[in-house]
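Participant: Take this sequence and fold it.
(chains A and B)
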Amino acid sequence: AQKITQTQPGMFVQEKEAVTLDCTYDTSDPSYGLFWYKQPSSGEMIFLIYQGSYDQQNATEGRYSLNFQKARKSANLVISASQLGDSAMYFCAMREIQGAQKLVFGQGTRLTINP
Amino acid sequence: DGGITQSPKYLFRKEGQNVTLSCEQNLNHDAMYWYRQDPGQGLRLIYYSQIVNDFQKGDIAEGYSVSREKKESFPLTVTSAQKNPTAFYLCASRGWGNVGDTQYFGPGTRLTVL
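Facilitator: As a prediction, this is how the structure comes out:
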């Protein structure tokens, strides 16, 4: 079975600093997808970034980048130049390739950006 | 605008009542999903549908039912058999975005049992 582990329940960062949110995963599938979502206090889940297991390069989307280390089974999210609006819950998720192709989520990390 | 809508945003239910949560999408996606989120937790899959008139149980389907009569709609009914229904419910649809096959979420419905 697939499993996602986020070991940081909460993170506090000063505005404009970079922050790394940790995510490790476990799967026996050779092919999988890794996602990061942001959940502000309003509740909606906002897609941030995606990394395929066979992608050669780390994914980047604006201020977001994914530090993908396949051998270590880690997929850490890096946010550069943090902003007050980045304060939210962040979830790492893995997608099954077969069957339902559901997302398996970690417990999340609550990020707080201090002014 | 293309997207996923859920209604209502807040829902209060008395014990013993069934309630139905609405999920509509105009993204032309085939697959749709219902997830449940408890406070401080990640999401867990309740039901999913990969095509009209077909749906499958997810990890926590007991006490819930769904239908998929139209591509755009995937309503979730929380029945009186669900022992602890107070939670945040998120609907998603899956389709090809600019980074490949991705799930997109609606704004959610917060259900409270009184």
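
Participant: got a list of what A:Gln57 touches?
Facilitator: With contact set as Cβ atoms under 8 Å, 6 or more residues apart in numbering or on different chains, A:Gln57 has no partners. Where you see a C-beta, it was placed from the backbone N, CA and C, and this is true even at glycine.

Participant: Alpha carbons of stretch B:84-92, in CSV - could you do that?
Facilitator: These are the backbone C-alpha positions of stretch B:84-92, laid out as CSV (Å, rounded to 0.1, in the frame of the first residue of the first chain):
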residue,chain,number,x,y,z
ASN,B,84,-19.6,10.2,12.8
PRO,B,85,-20.5,12.3,9.8
THR,B,86,-19.3,15.7,11.1
ALA,B,87,-16.4,16.6,8.7
PHE,B,88,-15.3,18.6,5.7
TYR,B,89,-16.2,17.0,2.4
LEU,B,90,-14.3,17.7,-0.8
CYS,B,91,-15.2,16.7,-4.3
ALA,B,92,-12.6,16.4,-7.1
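
Participant: now the closest residue to chain B within chain A: how far from A:Ser82?
Facilitator: Per Cβ to the nearest Cβ, A:Phe105 is where chain A lies closest to chain B, at 3.3 Å. Going from A:Phe105 to A:Ser82 by Cβ to Cβ, to the nearest Å gives 23 Å.

Participant: what's the following helix or strand after the strand ranked longest in chain B?
Facilitator: Ordering each strand of chain B by length in residues (DSSP state E) puts strand B:87-97 first. Beyond strand B:87-97 on the C-terminal side, the first helix or strand identified by DSSP states H and E is strand B:100-105.

Participant: elements contacting that following strand?
Facilitator: Secondary-structure packing of strand B:100-105 (3 or more Cβ pairs under 8 Å, 6 or more residues apart in numbering or on different chains; DSSP states H and E): strand A:33-39, strand A:46-52, strand B:87-97.

Participant: Return the per-residue confidence for B:Gln41.
Facilitator: At B:Gln41, the pLDDT value in this model is 85.

Participant: Hmm, A:Asp22 and A:Lys73 touching each other?
Facilitator: No: counting by Cβ atoms under 8 Å, A:Lys73 stays clear of A:Asp22, with 11.7 Å between them.

Participant: Who has more neighbours out of those two?
Facilitator: The residue with more neighbours, out of A:Lys73 and A:Asp22, is A:Asp22; 17 against 14, by other Cβ atoms under 10 Å in any protein chain shown.

Participant: re the thing from before, what are the buried residues along the longest strand of chain B?
Facilitator: Within strand B:87-97, the residues that count as buried by 16 or more other Cβ atoms under 10 Å in any protein chain shown are B:87-94.

Participant: for stretch A:32-43, same thing?
Facilitator: A:32-39, A:43.

Participant: how far does it sit from the chain's center?
Facilitator: Taking Cα atoms, centre = their mean, to the nearest Å, the mean C-alpha location of stretch A:32-43 is offset from the chain mean by 7 Å.
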